[in-house]
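S.K.: kindly return the folded structure for what I paste below:
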Amino acid sequence: MRHRPFIITRNFARPGPDLDEPKAVPTDAAGVPEGVAPCGREPTGTALTFTEDEVAPMLAAAVAEGRRMGASEATGGFAARKAEAIEAVAASLGRLEAESHARAATARAQATEILQAVVRAYGAAAAERRVADAALHLVDHCLAHLPNDAVLELGVAPAAIEYVQPRLLPLAARVALTPDAGLEPGGVRASWKGGWAAHRPELLQAAVDKALEALTMNDARETIGC
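M.R.: Prediction:
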């Protein structure tokens, strides 16, 4: 690296006019050099000031934004709580509906069972009492459609013989009464050469059971509002 030579011609041993006294630095009225800000005071010309008219819109905007954010937060929280409440109510209604259907089904089954038991008990007693009427009705119907020399074999439950036999005495020549253990109480079976006919109260009981079941089901639906 090459150094550039400088020639100093001043004699620093003799004070010169520029070294006798420092040059005066311009100051302001408070004695502070210009361009230097004392502690706690803004430099001259840099202070920011706002009028009341300028501050009012900014304050109003800040308040509005704060309210908007608060309302948004409140609305979101309310919507969430509302959704949770709706879900809870829906779940409760679902449980209540299921419980209502279960209770209705139980009540329907119990009612059907009770009614069927009553009808069976009454029907069995009535069948025993009316078996003679049923037998005579069946015999008359069959003989009306058979030749005069046709003979019927009439079967009834063993316990019903005593009720049927006295009623068939006038037709003893054309009707042979026999006990049939395979018949239900009140059942009657007439057979002849080439055919047969029967009065079967169990079929009537099945029809009654079906009607009772449909009736109790409709009552249960009306009770729970289906």
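
S.K.: biggest helix in this protein, by residue count?
M.R.: helix 52-143 (DSSP state H).

S.K.: average pLDDT for it?
M.R.: Mean pLDDT, computed over helix 52-143, is 74.

S.K.: now for it, which elements pack on it?
M.R.: strand 152-156, helix 161-164, strand 188-192, strand 195-199, helix 201-224 (3 or more CB pairs under 8 Å, 6 or more residues apart in numbering; DSSP states H and E). Placement of C-beta: from N, CA and C, glycine included.

S.K.: ranking those by mean pLDDT, which is last?
M.R.: For those, where the average pLDDT is lowest is helix 201-224, sitting at a mean of 62.

S.K.: name the nearest residue to Leu168, sequence neighbours excluded.
M.R.: Val175 (5.4 Å; CB to CB, 6 or more residues apart in numbering).

S.K.: what number of residues lie near that neighbour?
M.R.: 20 (other CB atoms under 10 Å).

S.K.: again, but for Ala181
M.R.: Ala181 has 8 nearby residues by other CB under 10 Å.

S.K.: report the contact partners of it.
M.R.: Ala157, Pro158 (CB atoms under 8 Å, 6 or more residues apart in numbering).

S.K.: ramachandran coordinates for it?
M.R.: Here is the backbone geometry of Ala181 (degrees, to the nearest 10): phi -70, psi -20.
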